[in-house]
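Trainee: Sequence plus predicted model, see below.
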Amino acid sequence: MKLTVKASVIFMLLATLFFNGCGSKDDGSSQNGTESSSDDKTIQVEGSDTMVNLAQAWSEKYQADNSDVTIEVSGGGSGVGISSLIQGLADMANASRKMKDKEKARAESELGVAPVEYVVGQDALAVYVHKDNPLEEITLSQLESIYADGGKISKWSELDIELPGGSDEIVRVSRQNNSGTYAYFREAVLKDNDFKLGSIDLSGSSDVVSMVEKTASAIGYSGMGYATDNVKMLKIKSTDDGDAVAPTADNVINGTYPIARPLMIYTAGEPNDTLQTYLDWILGENGQGIVSEMGYVPVK
Amino acid sequence: MSESSPTTSQGFSLRRGIEKVIDFTEPAVVGLIHLCGWSAIIFVMAIFFFVFKESLPAITGLEEGAIQGEVEQLDLVEFTTSPKWIPESAKKPTFGILALMVGTLSVTILSMVIAVPLGLGAAVYVSEFARGKPREILKVLIELLAAIPSVVWGFIGLVVLNPMLVDMTGEPVGLNILNAGIVLALMSVPIIVSVSEDALRAVPDSFREAGIALGANRWEMVYKVLFPAAKNGLLAAVLLGIGRGIGETMAVLMCTGHSVMMPTSIFDPVRTLTATIAAELGEAVRGDMHYHTLFLIGVVLFVFAFIINLTADLIVKGIKVQGNE
């Protein structure tokens, strides 16, 4: 008996661990009996794992001010959001990468309308190492040699780094291959070359950071909003003799941080009134304020 | 005697009535039981048909997902012999599952190396040596072990075993074949124990007594009498364990490190076929080559399962023929 109790406690812990920030919100708007509960007052948002906490924060604030609108947010990844949008299961798709041509063509053939893109924020892609790692900065070409197929660097000593633990091999932490973060890193750092196989591929932005937290010889990339006290964000040099730039909001806005990307929302065709009002709010003062609060960079 | 005749006729008419009802209901019940039996086959066929149908476009080529009318087709030689699984490449997607197959096999084999001796040993102890309370407690605990959900096992591998292996082996990451092998072994032990215990208990006591009477000690009796007598059941137990190992998804997704590579030692992270489907199917664009190829991996898993079951059948039959001679 004790064992089952223990198992269920572990299971519940795990469930909270997995689903934190993904749960749908019930704001009790159904109590307003006067409103005929029409579907267009419910907004289904799905997509990017990088943006899920941000989308959650937006929806909470917006629903607090507009009790007649219900917004349901879930994560899963940019690919999931886009494929749900195409299948008509979501009204808005969060994406941390551009839609592929294939996906656009599919959306047009399935929905009859072209998807519309809104840039709603920016994210600096931070490169994380363990907090005890003496490394402070890294160049883009070094990153490429570490991560790209055929890249030469596989040991910390090749970066003139001696790790306190004594382990020399670089453990590459990466993302699953449908992640928008994965696609952006490949485009911006690997110049669209393939990743070196043998990296540890995790399925969430925060998983990458917690893996780096636990592994002294690891290096990983994830959104800057996921930083914790136990990891270190490296400064990035665009060229070998350039300045090392830290991933901060200011550096993203002034354009000096080299691996920052737009965060986007896609709708299926021109949005209806409910969606349009919500998008205007996101792009307005309130919405963009939340972008900064959540550790991302506003568009304006 | 005269008293008995009405009773008999009454009993007779009652029996006739019951027989009539039976005559009427029996075909229905027989039909129902037949249906239950056949439903298993129908379900297996339906699942296989669906998985195969979804994977077919990958082999025959698909026009729909490709850009500008060009036909994409999966290179089956590359599929089975290339260790490169790069389905979402920006340049040229490569669909090679060799590394994934090696990952599945290495984790399964290691888990069997651990679980078979452990499971058989436990079964021998529970069925032949343990008596009274300890035996009952052990049986209950082993059954409890089987009831733990696989995601919890994965969590144990990730949170408990991972740091332990890092400390003990000095490897940078403790998510590897060894971790997943241990977790899978612990998951298959209860199955192996309960099936092989049943097999051992099915051996008549006269065999045991004859063995002892011939002067064998208890170990010799187990090793030379019980094991050969219970061979089929023990083999079934091991094969069920292997089946569990190959099919397990969640725990291996969390414990292997989920890394596409050809392992050179048990301390290397790997990725399995099942974990790849679980991690990628949800996000693959429907109708895409990637999507259909993931179903093709499902077909490969089917083939694996089929081969294992067929081998088991053949071995068991072979043993029976030998036994008859």
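Mentor: Everything's here; your move. Residues are numbered from 1 along each chain as shown, chains lettered A, B, ... in the order given.

Trainee: hmm, who's touching stretch A:220-233?
Mentor: A:50, A:53-54, A:96, A:123-131, A:133, A:135-136, A:172-175, A:181, A:185, A:205-206, A:208-213, A:246-247, A:294-296 (Cβ atoms under 8 Å, 6 or more residues apart in numbering or on different chains). In short, each C-beta sits where N, CA and C put it, glycine included.

Trainee: Let's see it as PDB, backbone CA atoms only.
Mentor: This file holds the C-alpha atoms of stretch A:220-233, laid out as PDB (Å, rounded to 0.1, in the frame of the first residue of the first chain):
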ATOM      1  CA  GLY A 220      22.800  23.900 -24.500                       C
ATOM      2  CA  TYR A 221      20.700  26.600 -26.100                       C
ATOM      3  CA  SER A 222      17.300  27.900 -25.100                       C
ATOM      4  CA  GLY A 223      15.300  31.100 -24.700                       C
ATOM      5  CA  MET A 224      16.800  33.700 -22.400                       C
ATOM      6  CA  GLY A 225      13.600  33.700 -20.300                       C
ATOM      7  CA  TYR A 226      14.500  30.200 -18.900                       C
ATOM      8  CA  ALA A 227      17.700  31.200 -17.200                       C
ATOM      9  CA  THR A 228      18.200  30.100 -13.600                       C
ATOM     10  CA  ASP A 229      20.800  30.700 -10.900                       C
ATOM     11  CA  ASN A 230      22.600  27.400 -11.600                       C
ATOM     12  CA  VAL A 231      23.400  28.000 -15.200                       C
ATOM     13  CA  LYS A 232      25.500  30.600 -16.900                       C
ATOM     14  CA  MET A 233      24.600  32.500 -20.100                       C
END
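
Trainee: what about the residue of the stretch 101-250 of chain B found nearest chain A, how many residues close to it?
Mentor: For the stretch 101-250 of chain B, the residue closest to chain A is residue B:172, as judged by Cβ to the nearest Cβ, at 4.3 Å. Residues lying near residue B:172 (other Cβ atoms under 10 Å in any protein chain shown) number 18.

Trainee: Correct me if wrong: it contacts residue A:216.
Mentor: Yes - contact criterion Cβ atoms under 8 Å: residue B:172 and residue A:216 qualify, at 6.9 Å.

Trainee: Between the two, which contacts overlap?
Mentor: With Cβ under 8 Å, 6+ apart, residue B:172 and residue A:216 have common neighbours A:165, A:167.

Trainee: And stretch B:275-294, end to end?
Mentor: With Cα to Cα, to the nearest Å as the measure, stretch B:275-294 spans 11 Å from end to end.

Trainee: what about it, average pLDDT?
Mentor: Across stretch B:275-294, pLDDT averages out at 85.

Trainee: Check stretch B:263-271 too.
Mentor: Averaging pLDDT along stretch B:263-271 gives 93.

Trainee: And chain A, is it touching that?
Mentor: Yes - Stretch B:263-271 reaches chain A (Cβ under 8 Å from any Cβ of the partner chain) through B:269, B:271.

Trainee: Name the surrounding residues that touch that stretch.
Mentor: For stretch B:263-271, contacts defined as Cβ under 8 Å, 6+ apart pick out A:198, A:200-201, B:85, B:99-100, B:102-103, B:106-107, B:110, B:169, B:171, B:173, B:175-178, B:180-181, B:256-261.

Trainee: Show me the residues you listed that map onto helices.
Mentor: B:99, B:100, B:102, B:103, B:106, B:107, B:110, B:169, B:177, B:178, B:180, B:181 (DSSP state H).

Trainee: List the buried residues of stretch B:202-219.
Mentor: B:203, B:208, B:211, B:216 (16 or more other Cβ atoms under 10 Å in any protein chain shown).

Trainee: all helices for the stretch 1-150 of chain A, in order.
Mentor: Ranges of helices within the stretch 1-150 of chain A are A:2-19, A:52-65, A:78-86, A:101-111, A:140-147, based on DSSP state H, counting those that start in this stretch.
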